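Enquirer: The sequence and its predicted three-dimensional model are supplied below.
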Amino acid sequence: MYIWFKIAWAVIAAILILLILLHSPKGDGLGGIGGQAQLFSSTKSAETTLNRLTWTLTVMFLSLTVALSAGLIAPPTTATPSAQPAPTALPKTNPTDLPSGK
């Protein structure tokens, strides 16, 4: 599940970059000098739809960013090996059983 959220996060980021690049510039540029800026204006409905889609994806991107970084969507955990019980006592040895250095 975690990997799907990361994939969605990356796809939203890529689409968001494309949508931002599609926005028309707000400045008039050199066309504003002669009063010709309004001659080639874009339609308002397309711009409004583009703005709404951009803001929606921005909210989704930021929400996923916070959720992934804060650990609200936890990464998969690796299975830990089961702990073996510690030995209760060491076997008793007789000092005469130990090899001598001679």
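Expert: Ah, there it is. Numbering: from 1, shown residues only.
Enquirer: Just name whatever secondary elements the helix or strand containing S69 is in contact with.
Expert: Assigned by DSSP states H and E, S69 belongs to helix 44-70. For helix 44-70, the packing partners by 3 or more CB pairs under 8 Å, 6 or more residues apart in numbering; DSSP states H and E come out as helix 2-22. Backbone N, C-alpha and C define where each C-beta goes, glycine included.
Enquirer: Please list the outside residues in contact with the helix it packs on.
Expert: Residues outside helix 2-22 that contact it (CB atoms under 8 Å, 6 or more residues apart in numbering) are 50, 53-54, 57-58, 60-61, 64-65, 67-68, 73-76.
Enquirer: Just the buried positions in that helix, please.
Expert: 9, 12, 16, 19 (16 or more other CB atoms under 10 Å).
Enquirer: and which of the residues you listed is nearest P99?
Expert: Comparing those against P99 with CB to CB places W9 closest, at 64.5 Å.
Enquirer: now that closest one: how far from N51?
Expert: 22 Å (CB to CB, to the nearest Å).
Enquirer: where in the chain is pLDDT low?
Expert: Applying pLDDT under 70 to the chain flags residues 27-43, 79-87, 90-91, 95, 97-98, 100-102.
Enquirer: and the helix holding S69 with helix 2-22, angle?
Expert: Computed by axes from the mean of the first three to the mean of the last three CA atoms, to 10 degrees, the angle separating helix 44-70 from helix 2-22 equals 150 degrees.
Enquirer: So which bits of helix 44-70 are buried?
Expert: So, applying 16+ other CB under 10 Å, buried residues of helix 44-70: 50, 54, 57, 61, 64, 68.
Enquirer: Quick check: the closest residue to the fourth one other than its chain neighbours vs A74, distance?
Expert: The spatial neighbour of F61 that comes closest, neighbours along the chain excluded (CB to CB, 6 or more residues apart in numbering), is I12 at 4.9 Å. Per CB to CB, I12 is found 20 Å from A74.
Enquirer: swap in K6?
Expert: The value you get for K6 to A74, if CB to CB is used, is 12 Å.
Enquirer: Now tell me what touches stretch 66-79 from outside.
Expert: Outside stretch 66-79, the residues that touch it by CB under 8 Å, 6+ apart are 1-3, 5-6, 9.
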